[in-house]
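Student: Structure for the following, please:
(one chain, ligands or ions: 1)
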Amino acid sequence: MPIVARHRPIEFYDTPYRLWVDSFTELDTRYLVDLAEHGGNGRCSCPDFCFRLAKEMPPEGGAPRRPIRCKHIRLARDYVLTQIILRVDVRDTIETQT
Ligand SMILES: [Zn+2]
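Tutor: Residues are numbered from 1 along each chain as shown. This is a model prediction of the structure:
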């Protein structure tokens, strides 16, 4: 009988920008994504981010020149944006300045 990974939905942790995202490969493993870290680039507790991508971050801190994100950060950003879109009232208008 093949082992089927149990994928839980993405869950918010303690703030609207900290979320748990399941591992794609490790059963019963999930990573904590913090979307606000690195100047809004995000940070993840997965091995790909910690051992590979984090080395590309600017040593002086702040946001990198281009996004440096693992698949968990990308999923979490997409999830948060979806939650925002679902909560925006379609009757809301945005005032534009010309
Ligand atoms: Zn990750």
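
Student: who's in contact with Tyr17?
Tutor: When contacts are counted by Cβ atoms under 8 Å, 6 or more residues apart in numbering, Tyr17 is found next to 34-36, 80. For every residue, glycine as well, the C-beta is placed using N, CA and C.

Student: oh sorry, the question was meant for Leu32
Tutor: Counting by Cβ under 8 Å, 6+ apart, Leu32 has contacts 13, 18-20, 44-45.

Student: For these, work out which two are farthest apart.
Tutor: Pairwise distances among the contacts of Leu32 were taken by Cβ to Cβ; the largest, 12.4 Å, belongs to Tyr13 and Cys44.

Student: Looking at these two, which is more packed in?
Tutor: A count of neighbours by other Cβ atoms under 10 Å puts Cys44 above the other of Tyr13 and Cys44, at 26 against 12.

Student: Would you mind measuring from that one to Val88?
Tutor: According to Cβ to Cβ, to the nearest Å, Cys44 and Val88 sit 27 Å apart.

Student: Perfect, I'm done here.
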